[in-house]
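In: Generate coordinates for the sequence data below:
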Amino acid sequence: MTENLNDLRAFVLVAKMGSFTKAASHLGVSQSALSYTIRTLENQVGIKLLNRTTRSVSPTQAGEQLLNDIEPLINQISQKLNHLNEFRDSPRGTLRINCTEHVVSFLLWDKLSGFIKQYPDIVLEIASDYAMTDIVKERYDVGIRLGGHVDKDMIAVKVTPDMRMILVASPDYIVQAGSPTHPNKINAYRCLTLRLPSHENIMNWEFNDLTETNQQNTIIVKPESAMIVNHANLLIKAAKEGLGLAWVPATMVTDDIANGKLVTLLDEWSITYDGYYMYYPARNPSPLFRLLIDALKPQ
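Out: Just a heads-up that it's a prediction; the model follows:
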């Protein structure tokens, strides 16, 4: 019975992710082992459940029907099993978190580390990326994103202060190239830029404009890239090497500014965004998940 349930769970995961590779990585098994599991399940039911090509995997009509029938049941079973954790002396299980490197490394690490120490039998799986991941489809328990990027149908809890973005460069680069006097003059300098997985274009840089009226306006700069990366840590590393200007969260460069490796530019134009929110589907979370919610909430 347990083996059949695990096979069905594997089928649901492959069908939802549309990829044997992603599903195998999530389950911690080889792709060939997962393929064997699905073939065995198809042989047991006598029906092809998945269409496979070299590029994608999708349910057959029968597979779609099975997915719709069993996914709610499997989710209910998982929730019921998780509820049993409240009867243990030490809660155990796995919680999956999707977030950006900034929030996990610089803003919430102490809380996450403390959570692991307090509950050693709970496994935290933390995926750090900039993609606007569908946490339901990818089967994460919780996502952490800036307030404006949280879907409206999610329960959202603010877990960090507001985020200030600043323009920085190394002192050596400023001696060599000078300092911009206005956001609109930035493209006269070497710009170190970030490409997001969910966008084809480079991330725009935004600044406050309070010079003409008492109302806050936003200046949007499309930086001309001298270097393009996909992680903010690389932006900071390049900026400290004197390779150009970088637009980054202030909390990521506090120490570098304090020790003189970086200097801030256009401070009066810097913009502040709403902070990060922990978000999750609008359903009653398990006791295991409630522990994480309580741990990440601001004190």
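In: what residues go with each domain of the protein?
Out: Split into domains by automatic domain parsing, the chain comes to 2-84, 91-161+275-296, 163-273.
In: Next, format the ones you listed as TSV and append mean pLDDT and mean neighbour count.
Out: (C-beta placed from N, C-alpha, C; glycine too.) TSV is the format used below for the domains of the chain (pLDDT from 0 to 100; neighbours: other CB atoms under 10 Å):
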stretch	mean pLDDT	mean neighbour count
domain 2-84	81	15
domain 91-161+275-296	83	17
domain 163-273	90	16
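In: Mind telling me which residue is nearest the centre of this structure?
Out: For the chain, the residue nearest the mean C-alpha position is residue 99 (2.6 Å; CA atoms, centre = their mean).
In: do you know how far the closest residue to that residue other than its chain neighbours is from residue 108?
Out: Distance criterion CB to CB, 6 or more residues apart in numbering; nearest residue to residue 99, sequence neighbours excluded, is residue 144 at 3.8 Å. The gap separating residue 144 from residue 108 is 7 Å, by CB to CB, to the nearest Å.
In: if I look at the two, which residues touch both of them?
Out: Residues touching both residue 144 and residue 108 by CB atoms under 8 Å, 6 or more residues apart in numbering: 99, 159, 276.
In: which of those residues lies closest to residue 264?
Out: residue 276 (21.8 Å; CB to CB).
In: who's in contact with the closest one?
Out: 99, 103, 107-108, 144-147, 158-160, 163.
In: can I get the residues you listed in TSV with secondary structure and distance to residue 122?
Out: Listed next are these as TSV, based on DSSP: H, G, I helix; E, B strand; the rest coil; distance: CB to CB, whole Å:
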residue	secondary structure	distance to residue 122
99	strand	17
103	helix	20
107	helix	21
108	coil	16
144	strand	17
145	strand	23
146	strand	26
147	helix	27
158	strand	23
159	coil	18
160	coil	22
163	strand	28
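In: Dump those to JSON lines, plus distance to residue 63.
Out: JSON lines is the format used below for the contacts of residue 276 (distance: CB to CB, whole Å):
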{"residue": "99", "distance to residue 63": "32"}
{"residue": "103", "distance to residue 63": "37"}
{"residue": "107", "distance to residue 63": "41"}
{"residue": "108", "distance to residue 63": "38"}
{"residue": "144", "distance to residue 63": "33"}
{"residue": "145", "distance to residue 63": "32"}
{"residue": "146", "distance to residue 63": "37"}
{"residue": "147", "distance to residue 63": "38"}
{"residue": "158", "distance to residue 63": "40"}
{"residue": "159", "distance to residue 63": "38"}
{"residue": "160", "distance to residue 63": "41"}
{"residue": "163", "distance to residue 63": "43"}
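In: Quickly note the distance from residue 100 to residue 4.
Out: From residue 100 to residue 4 the distance is 38 Å (CB to CB).
In: now do residue 50
Out: Applying CB to CB, the value for residue 50 to residue 4 is 17 Å.
In: hmm, who's touching stretch 93-102?
Out: 82, 85, 104, 108, 112, 121-130, 133, 135, 138-145, 231-233, 249, 251-252, 276, 288-289, 292.
In: Out of the residues you listed, which sit inside helices?
Out: Secondary structure from DSSP state H places 82, 112, 232-233, 288-289, 292 of those in helices.
In: so is residue 16 in a helix, a strand, or just coil?
Out: helix (DSSP: H, G, I helix; E, B strand; the rest coil).
In: list the contacts for it?
Out: 67, 71, 137, 139 are the contacts of residue 16 under CB under 8 Å, 6+ apart.
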